[in-house]
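Undergrad: Generate coordinates for the sequence data below:
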Amino acid sequence: MNLAGITTQQEKTSTYHFITRWLVEATCAEVYRTLETTQDLSRWWPSVYLDVKQLEKGQPGGVGKLVELYTKGFLPYTLKWKFRVTHTHFPHGFSLEAIGDFAGTGEWTFKQTSDEQCEVVYDWRISAEKPLLKKLSWLLRPLFAANHLWAMRKGEESLKLELRRRKTDSEAERAALPKPPGPTFPHNLTNNKIL
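TA: This is a model prediction of the structure:
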């Protein structure tokens, strides 16, 4: 038997499970408020969120909120998908359901590790539904996974900059902060407002 030709069931499918951990200088409430303000994602996390549109506000507290997204990583393809907030637990996190080019669930969890630091954990269980990703996952799974890890590294960098920007009272100090990393080619050359 040729063991090199054996693949696990997960490798045959287009399902992925990622757990991301960040440590940021902020309170859980500050992180929660930053991430729940979805209309600002394309401003402070522009490397990934090219365009964002809130379709439904949801209930007080955010459950039921429906958001449409146009996103990418370092690879040159884009994804159109939506998420609906399914559960909130302010300031400790919220859960969402993804539909569209991604289908699955995501859970943001925030834990105060000290007075000044918050641990952010994102548990992302998805199936790639975009035909290109679905058909090529068996071959390009490591590359697609690297694309996600790159996107989340840019998210951590961008979140830290946004939290600093929100805590800075001086307009001059805010202007002196570095801009968040932008999207990669070719989307760094276009406006990307399609929603």
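
Undergrad: any idea how far residue 39 is from residue 67?
TA: Distance, residue 39 to residue 67, using C-beta to C-beta, to the nearest Å: 9 Å. (Glycine included, C-beta is placed from N, CA and C.)

Undergrad: Pick out whichever of those two has more residues nearby.
TA: Shown here are residue 39 and residue 67; by other C-beta atoms under 10 Å, residue 67 has more neighbours (20 against 10).

Undergrad: now the more buried one, what's its secondary structure?
TA: For residue 67, the assignment made with DSSP: H, G, I helix; E, B strand; the rest coil gives strand.

Undergrad: all helices for this protein, in order.
TA: Using DSSP state H, the helices of the chain run over residues 9-12, 28-36, 41-44, 131-167, 171-176.

Undergrad: shaky segments in the chain?
TA: Filtered on pLDDT under 70, the chain yields the residue ranges 1-12.

Undergrad: Cross-check the contact I'm expecting between residue 81 and residue 71.
TA: Yes: using C-beta atoms under 8 Å, residue 81 is in contact with residue 71, at 7.2 Å.

Undergrad: Comparing the two, which shows the higher neighbour count?
TA: More crowded of residue 81 and residue 71, by other C-beta under 10 Å: residue 71, with 22 against 18.

Undergrad: Hmm, the more buried one is touching residue 83, no?
TA: No: assessed by C-beta under 8 Å, residue 71 is found out of contact with residue 83, at 10.7 Å.

Undergrad: can you list residues touching both of those two?
TA: Between them, residue 71 and residue 83 share no contacting residue under C-beta atoms under 8 Å, 6 or more residues apart in numbering.

Undergrad: Tally up the residues packed near residue 120, please.
TA: Residues near residue 120, counting by other C-beta under 10 Å, number 22.

Undergrad: meant to ask about residue 98
TA: Around residue 98 there are 21 residues (other C-beta under 10 Å).

Undergrad: same deal with the one 3 residues further on?
TA: Counted with other C-beta under 10 Å, the neighbours of residue 101 add up to 22.

Undergrad: and the nearest residue to residue 55 once chain neighbours are set aside, what does it touch?
TA: Nearest in space to residue 55, with sequence neighbours left out and distances taken as C-beta to C-beta, 6 or more residues apart in numbering, is residue 66 at 4.4 Å. Neighbouring residues of residue 66 by C-beta under 8 Å, 6+ apart: 54, 55, 56, 58, 82, 83, 84.

Undergrad: Buried subset of those residues, written for PyMOL?
TA: A single PyMOL command selects the buried members of those (16 or more other C-beta atoms under 10 Å):
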select buried, resi 58+82+83+84
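
Undergrad: Which two of the contacts of residue 66 have the greatest separation?
TA: 58 and 82 (12.7 Å; C-beta to C-beta).

Undergrad: circling back to that earlier point, now flag whichever of the contacts of residue 66 is closest to residue 90.
TA: Nearest member of the contacts of residue 66 to residue 90, counting by C-beta to C-beta, is residue 58, at 13.5 Å.
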